[in-house]
Every structure is written in structure tokens, then in C-alpha cells.
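1. Sharing a model that was predicted from the sequence below.
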Amino acid sequence: MDEMHGLELISFKIINHVGAARDKFIEAIAAAKKNDFPLAEKLLKEGEAQFIIGHRAHTELIQQDVRSESVVMSLLLTHAQDQLMSAEAFKIIASELIDVYKRINNV
């Protein structure tokens, strides 16, 4: 496996897992909107588990760079990092919105 192929695989791993996480966070918001708080919490946890996998893959690249091993920036890796940041933002927003829906419904 050449360097770029490995980098592409890690990029796709990040995109796959943080994309799944973001979907779970969005589903959690929808569940809270319907007052299904147990489902909302379950979806948040599922999203967090996916996010952690994607974040660990990203951390691999950071550690590689720290070891002075070449990490070539590409549009694909840039997209992966963008997806990671987007998922993290949705995680925060989902958590806050679920709390707001709980307060509105005195839960």
C-alpha cells in the first residue's frame, strides 16, 4: 500500500464515521422534538461512538505528522476534516437542543 492510498483510506474512514455521527446527532434532535428523550439520548450516544472512531483516525494523521512522516494535504483530507468539524458542531447543538426541549417539557 503506497502512502497516498493509506491517506485516502484514513480520509474515507473519517468521512464515513463522522458522517454517521452527524446523522445520529440530527436524528437525536428530531427525536427530542417529538418528546422521545430516551431515543434522543440513545442516538446521541450512538453518534458519540461513531464520532470517536472518526476522531481517532484523524488523531492518527496528527501523530504521523508529529513524527515528521509526510501527510500530504488533499481535497479529500480537507473534506474529511471539514466533516469532522461539522459533526462536532452538530454534537454540541444536538446536546443543547435536547436540553432545551427537556426544559420546555419539564423533563
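-> On my side now, so go ahead.

2. how many other residues sit next to residue 24?
-> The number of residues packed near residue 24 is 23, by other C-beta atoms under 10 Å. (Glycine included, C-beta is placed from N, CA and C.)

3. Touching, it and residue 41? I think so.
-> No: using C-beta atoms under 8 Å, residue 24 is not in contact with residue 41; the gap is 11.3 Å.

4. what sits against residue 12?
-> For residue 12, the contact set (C-beta atoms under 8 Å, 6 or more residues apart in numbering) comprises 76, 80.

5. could you point out which element follows the helix or strand where it lies?
-> Assigned by DSSP states H and E, residue 12 falls within helix 3-33. Using DSSP H and E, the next helix or strand after helix 3-33 towards the C-terminus is helix 37-66.

6. Next, the buried residues of that following helix.
-> Residues 37, 40-41, 43-44, 46-47, 50-51, 54-55, 57-58, 61, 64 are the ones in helix 37-66 that count as buried (16 or more other C-beta atoms under 10 Å).

7. likewise stretch 22-31?
-> Within stretch 22-31, the residues that qualify as buried are 22, 23, 24, 25, 26, 27, 28, 29, 31, counting by 16+ other C-beta under 10 Å.

8. Hmm, the last one is touching residue 46, no?
-> No: taking C-beta under 8 Å as the definition, residue 31 is not a contact partner of residue 46, at 11.4 Å.

9. Geometrically speaking, which residue is the centre of the protein?
-> residue 18 (3.1 Å; C-alpha atoms, centre = their mean).

10. wait, that one sits on residue 51?
-> Yes: with contact defined as C-beta under 8 Å, residue 18 and residue 51 form a contacting pair (6.0 Å).

11. Need the residues touching each of these two.
-> Counting by C-beta under 8 Å, 6+ apart, the common neighbours of residue 18 and residue 51 are residue 87.

12. quick one on the thing from earlier: I'd like to check the angle between the helix holding residue 12 and helix 37-66, please.
-> Interaxial angle, helix 3-33 versus helix 37-66 (axes from the mean of the first three to the mean of the last three C-alpha atoms, to 10 degrees): 160 degrees.

13. From residue 104, how far off is the closest residue to residue 98 other than its chain neighbours?
-> Using C-beta to C-beta, 6 or more residues apart in numbering and skipping the chain neighbours, the partner closest in space to residue 98 is residue 32 (4.3 Å). With distances taken as C-beta to C-beta, to the nearest Å, residue 32 is found 10 Å from residue 104.
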